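**Q** Predicted model follows, preceded by the sequence.
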Amino acid sequence: MYSRASDAARLTFFGLFNLQHRGQESAGIAASDGKAIRMVKGMGLVTQVFHEDTLAGLKGHIAVGHTRYSTTGSSVLQNAQPIFCASRVGSIAVVHNGNLINAHALRLELQAQGVEFDSTSDSEVIAKLIMHSQEESIGRAVLRTVERLEGAFALVILTPTQLIGVRDPNGIRPLSIGKTEGDWVLASESCAFGPVRAKLVRDVRPGEIVVISENGLRSVRSGLQSQDRLCVFEAIYFARPDSVMGGHLLHRARQRMGARLAEEHPADADLVVPVPDTGVPAAIGFSRHSGIPFQEALIKSRYIHRTFIEPEQRMRAMGVRLKLNPLVEYIEGKRIVLVDDSIVRGTTTGQIVRLVREAGAAEVHLRITAPPIRHPCYYGIDMATHKELIAANHTVEEIRDKLGADTLGYLSVEGLIEAVGDGPNMHCTACFTGEYPVPIPREKLVAKDVFEKVREDRRALVEASREG
C-alpha cells in the first residue's frame, strides 16, 4: 500500500482481512515513513497478531502485509513474513507468494559466500539475493534477482521510499494493482481492495516489475520471456469468489464449472447440495443447468479454518467434523448431488460423504469441479506428495468406492478451461496433466522441508566432528 496519509499499515491491516483465506498460520506488516522500516509479525490470524498498540507503532505512508500458509519451510515464527533485510543499498521488507524450484541451489551459492540464514523458507533466499547484490540501487538489485529466480513467485518489496511489485514470467501466482483517488495498492487478489476503497486497475503482467513511488506507478519489464500460465487452482478453489483474475469474476467462472459438470456428469437426484463455501457457486451452476433444486444443507462454522491448508493431516481430519453440520430435515430420504471443488487426499471428502450418509441421504452423487489431481504442485500450493494424492494411485471407480459415494464425476480439463474462459494454454494445469511450465528438479530438492533437512544434516555433522 502506498498512501497519501501516514496510516498505510492500518489500511494494509484492513486489506489482510480479505486475504486471510490465503494463509492462517502467521501474519505480518512492515511500514515505512520514508526513512526507516518498522515491522510486526507473529503466529496466528491477522486479528491475533495485530491490535491498536501494534498498529500505532507502524507509522508510515508505505506498508506491506502478508498472511502465510507454509509451502517451503515449517509453520514457525522464523518463517513468518515480511522478511526484513538491511543491505548496502538500503533496507527492504519482502513478502512472497509462490515457490522457487531452484531455491536449494541459490541458497547453497549464498551460503558458500558466507551468507547466513535465519529461516527455512525459500522466501528468505529472495531477500538475501537482493541484499547481497552488487548492483548500485535496490531497483537494479531486484531486477537482477528476478532474472535468477525459477518457479512461481509474486513479490511485493518495501523500501523506505518505494513499493515494488514483481510477478514471475509465467504469471503462475496472481498479483493485482488497485487504486483510490491518490493511493496505490498491490494484492494477491482484488477482493483485498474493497476494505480500502480501491478499484481494480489491472493484473501485474507475467514477468513485469512495477515500481510505485511519489511519482506514481511505472512499469519495468524484466527482459525475461513471459507467458500467461496463471494457476487454474486459483479459479477452482484457492482465491475468493468475489475476486477478479484475468478479467473474470471467479464466482461466475465457478458457476460455469458447475453447469459444465452437470453436462458431463448428469445425475438423477432430488437436491443439489454444495460443500461450503467453495462449492456454492458451482452447485448453483449445476442446479440451474440440470433443473434439480439447489439446497444449502451443510452449515459451516465460521470459526474453523480451511482444512485444505492445515499443515498437519491429523488437524485436517479433526476439522471436518468441527466445521460442518448437516441439516437432517433437508437430507433425510433424499437423493443428493454433493458438489465440491476438489479431491486431494480424499480424507476430507470421505468424511463429508459419511456426514451426508449419516444424515439419512438415500443416495450421494459426488460431483467435483476440479479434474483428478494426479501430480504434486511445486509452485505454491501445498497439496500433497505423489503417494498421498488419491487420484494418482487409484482409478475413479476405486476412489468412488473408497469415499462411499453412489457415483463420482470429475470435471474434465477441457470443460474446466472452457468454464474459466481464457482459452487453452493460458493456465498452469500441471496438477492434472503433469505438464509443468517450469521443469522440476529432483523432488527432494523442492520438498517442503528441504531446508529443515539441510539444517538437521549440518547439525549432525557438527555434533559428529565434536565427538571426533
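**A** Cool, the structure landed.
**Q** biggest strand in the protein by residues?
**A** strand 90-100 (DSSP state E).
**Q** Give the partner strands of it in its sheet and their orientations.
**A** strand 83-87 (antiparallel), strand 151-158 (antiparallel) (DSSP bridges).
**Q** which residues of this protein score low on pLDDT?
**A** Within the chain, the stretches with pLDDT under 70 are 304-319, 443-445, 453-468.
**Q** next structured bit after the longest strand of the chain?
**A** Sequence order places helix 103-112 as the next helix or strand after strand 90-100, per DSSP states H and E.
**Q** Run the chain-centre distance for that next one.
**A** Relative to its chain's centre, helix 103-112 lies at 25 Å (C-alpha atoms, centre = their mean, to the nearest Å).
**Q** Identify the residues contacting the closest residue to residue 293 other than its chain neighbours.
**A** Among residues not flanking residue 293 along the chain, residue 271 sits closest, at 5.7 Å (C-beta to C-beta, 6 or more residues apart in numbering). For every residue, glycine as well, the C-beta is placed using N, CA and C. Contact partners of residue 271, counting by C-beta atoms under 8 Å, 6 or more residues apart in numbering, are 292, 293, 294, 295, 297, 330, 331, 334, 335, 336, 337.
**Q** Go through the residues you listed and give me the one with the most neighbours.
**A** Neighbour tally across the contacts of residue 271 (other C-beta atoms under 10 Å): the maximum, 31 neighbours, falls on residue 337.
**Q** Listing partners with orientation, what would you give for the helix or strand harbouring it?
**A** Residue 337 belongs to strand 335-340 when assigned by DSSP H and E. Sheet pairing of strand 335-340 (DSSP bridges) gives strand 271-274 (parallel), strand 363-368 (parallel).
**Q** Of all those strands, which one is nearest residue 118?
**A** Evaluated over the strands paired with strand 335-340, closeness to residue 118 peaks at strand 363-368, with 40.8 Å, by C-beta to C-beta.
**Q** Can you name the next helix or strand after the closest one?
**A** Past strand 363-368, the next helix or strand by DSSP H and E is helix 390-393.
**Q** hmm, back to that, quick one: the residue nearest to residue 293 and residue 220, what's the gap?
**A** Distance of residue 271 to residue 220, computed by C-beta to C-beta, to the nearest Å: 53 Å.
**Q** how close does residue 256 sit to residue 426?
**A** From residue 256 to residue 426 the distance is 15 Å (C-beta to C-beta).
**Q** you'd agree residue 167 is up against residue 206?
**A** Yes. If you go by C-beta atoms under 8 Å, residue 167 and residue 206 touch, sitting 5.9 Å apart.
**Q** Those two - which one has more neighbours?
**A** Neighbours of residue 167 and residue 206, each counted by other C-beta under 10 Å, are more numerous for residue 167; the result is 29 against 20.
**Q** For that one, give me its contacts.
**A** Taking C-beta under 8 Å, 6+ apart as the test, what residue 167 contacts is 153, 154, 155, 173, 175, 203, 204, 205, 206, 207, 208.
**Q** Quick one: residues contacting the residue nearest to it when sequence neighbours are not counted.
**A** In space, and not counting its chain neighbours, residue 167 is closest to residue 204: 4.4 Å by C-beta to C-beta, 6+ apart. Residue 204 makes contact with 154, 165, 166, 167, 175, 176, 177, 186, 210 under the criterion C-beta under 8 Å, 6+ apart.
**Q** now residue 254
**A** Counted by C-beta under 8 Å, 6+ apart, residue 254 has contacts 235, 236, 241, 278, 281, 282, 285, 369, 419.
**Q** ditto for residue 331
**A** 271, 273, 297, 356, 359, 360, 361.
**Q** of those, buried ones?
**A** Among the contacts of residue 331, those buried by neighbour count (16 or more other C-beta atoms under 10 Å) are 271, 273, 297, 356, 359, 361.
**Q** Now the last one. Its backbone dihedrals?
**A** It stands for residue 361. phi -60, psi 140 (degrees, to the nearest 10).
**Q** wait, doesn't it sit right on residue 336?
**A** Yes. At 4.7 Å, residue 361 and residue 336 qualify as touching, with contact defined as C-beta under 8 Å.
**Q** returning to what we had before: ranking the strands paired with strand 90-100 by burial, who's on top?
**A** strand 151-158 (a mean of 26; mean count of other C-beta atoms under 10 Å).
**Q** Tell me how many other residues surround residue 221.
**A** 11.
**Q** Thought residue 208 was touching it, still the case?
**A** Yes. Look at residue 221 against residue 208 with C-beta under 8 Å: they come within range, at 6.2 Å.
**Q** about what we covered before: what packs against the next helix or strand after the strand holding residue 337?
**A** Later in the chain than strand 335-340, the nearest helix or strand by DSSP H and E is helix 347-358. If you count contacts as 3 or more C-beta pairs under 8 Å, 6 or more residues apart in numbering; DSSP states H and E, helix 347-358 packs onto strand 298-300, helix 313-323, strand 324-326, strand 335-340, strand 363-368, helix 396-403.
**Q** To residue 231, which of the ones you listed lies closest?
**A** strand 363-368 (17.6 Å).
**Q** How about residues contacting the closest one?
**A** The contact list for strand 363-368, computed with C-beta under 8 Å, 6+ apart, reads 261-262, 265, 267, 269, 286, 335-343, 349, 353, 356-357, 400, 403-411.
**Q** Quick check on these: which are buried?
**A** Using 16+ other C-beta under 10 Å, the buried ones in these are 261-262, 265, 267, 269, 286, 335-343, 349, 353, 356-357, 400, 403, 405-411.
**Q** before we move on, back to that, just give me the closest of the contacts of residue 254 to residue 29.
**A** Relative to residue 29, and with distances defined as C-beta to C-beta, the nearest of the contacts of residue 254 is residue 241, at 25.8 Å.
**Q** and the strand or helix carrying residue 47, what does it pack onto?
**A** Using DSSP H and E, residue 47 sits in helix 46-49. Applying 3+ C-beta pairs under 8 Å, 6+ apart, we find helix 46-49 packed against helix 8-17, strand 26-32, strand 37-43.
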